[in-house]
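Asker: Fold the following and give me the result.
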Amino acid sequence: MSGLYSTIDNSSLLMYLFYPRSQHSKPQGKAFDLEVLVESNLSIVCRAYPAAEENPWILYFHGNGEVVSDYDGIAPLYTSRGLNLVVADYRGYGASGGKPTFTAMVKDAGIIFDYVYHNLPGEGKRYDWYVMGRSLGSISALELAAKFPGKLKGLIIESGFISVAGLIRHLGLPSPGDLSPLEKEYRRLTGTIELPALVIHGERDRLVPLEQGQDLFESLGTAQKEMLVIPFADHNDIMFVDSDKYMQAIAKFVFNE
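Answerer: You can find the predicted model right below:
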């Protein structure tokens, strides 16, 4: 599906849809960084926040304008509940090389998952893996959920969207051309996902409207799905408006409580 993003990648929209930052701090405590080679001499840096090795791991694709270092203060919400977390950057973000495009983001997601799946928590060991995407990261998460159902236990989407064209219109950005093939394939791919899924969205999200999250939820092919709407939450405060409800839903989903 990555080739269908060329219409956007070859337009001026990239400067509005990606906000790369070069900020990158050293990991603290038990956290550690992973360099995943996605092309010759080009690596994506991910940060792992281990909690309990035998517990499930979540591969997390963050939102636009964020970098892995931003999750140093957020990861404890996960690790305190026994959830192991790996946060992935994109090209041009943090200490990662290259420049971001949608085509590269989708391609790199598969390489990153293959790397962490075979290298964490340890060689020869296999534990449950979940994939989670926030906002922009929902694209990567949906791709992996569709492509690796046998290796993933579940999908979590937070503040995500189903329609790239709809999001472009909502943001008041000029259309780069005919996006209908991308829209059609994106919905087809989402409809093939049969993994258990949890969709979380803020009631007052002004960047990615709640209707987008609801549309995505309804488009998922799985019968094992649930949606949590956080009252009064916007796009960037959704984790903190009611962090207990937010994290309880994730922990319940992952641990099947």
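
Asker: For P100, list the residues it contacts.
Answerer: L14, F18, P20, Y90, R91, G92, Y93 (C-beta atoms under 8 Å, 6 or more residues apart in numbering). All C-beta atoms are positioned from the backbone trio N, CA, C, and that covers glycine.

Asker: ok, it to A223 distance?
Answerer: 35 Å (C-beta to C-beta, to the nearest Å).

Asker: Next: Y115.
Answerer: Distance from Y115 to A223, by C-beta to C-beta: 31 Å.

Asker: for stretch 52-71, the distance to its chain's centre please.
Answerer: 9 Å (C-alpha atoms, centre = their mean, to the nearest Å).

Asker: Equivalent analysis for stretch 111-119, please.
Answerer: What separates the centre of stretch 111-119 from the centre of its chain is 15 Å, taken as C-alpha atoms, centre = their mean.

Asker: mind listing what the residue nearest to T190 when sequence neighbours are not counted touches?
Answerer: Distance criterion C-beta to C-beta, 6 or more residues apart in numbering; nearest residue to T190, sequence neighbours excluded, is S219 at 4.6 Å. Residues in contact with S219 (C-beta under 8 Å, 6+ apart) are I162, R187, T190, G191.

Asker: now, which of those residues sits nearest L136?
Answerer: I162 (13.5 Å; C-beta to C-beta).

Asker: Does the closest one touch L220 like I think?
Answerer: No - counting by C-beta atoms under 8 Å, I162 does not reach L220; the two are 9.2 Å apart.

Asker: Out of the helices and strands in this structure, which is least certain?
Answerer: Across the helices and strands of the chain, mean pLDDT, DSSP states H and E gives its lowest value to helix 164-170, namely a mean of 81.

Asker: after that helix comes which helix or strand?
Answerer: The helix or strand immediately downstream of helix 164-170 is helix 180-191, counting by DSSP states H and E.

Asker: So which residues make contact with that following helix?
Answerer: Helix 180-191 is contacted from outside by 1, 4-5, 7-8, 142-143, 146, 162-165, 216, 219-221, using C-beta under 8 Å, 6+ apart.

Asker: Off-centre distance for that helix?
Answerer: For helix 180-191, the distance to the chain centre is 18 Å (C-alpha atoms, centre = their mean).

Asker: Return the set of buried residues in it.
Answerer: Going by neighbour count (16 or more other C-beta atoms under 10 Å), the buried part of helix 180-191 is L182, E183, Y186, L189, T190.

Asker: Put together JSON lines for those residues, with distance to I200 on each row.
Answerer: Listed next are the buried residues of helix 180-191 as JSON lines, based on distance: C-beta to C-beta, whole Å:
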{"residue": "L182", "distance to I200": "25"}
{"residue": "E183", "distance to I200": "23"}
{"residue": "Y186", "distance to I200": "20"}
{"residue": "L189", "distance to I200": "20"}
{"residue": "T190", "distance to I200": "16"}
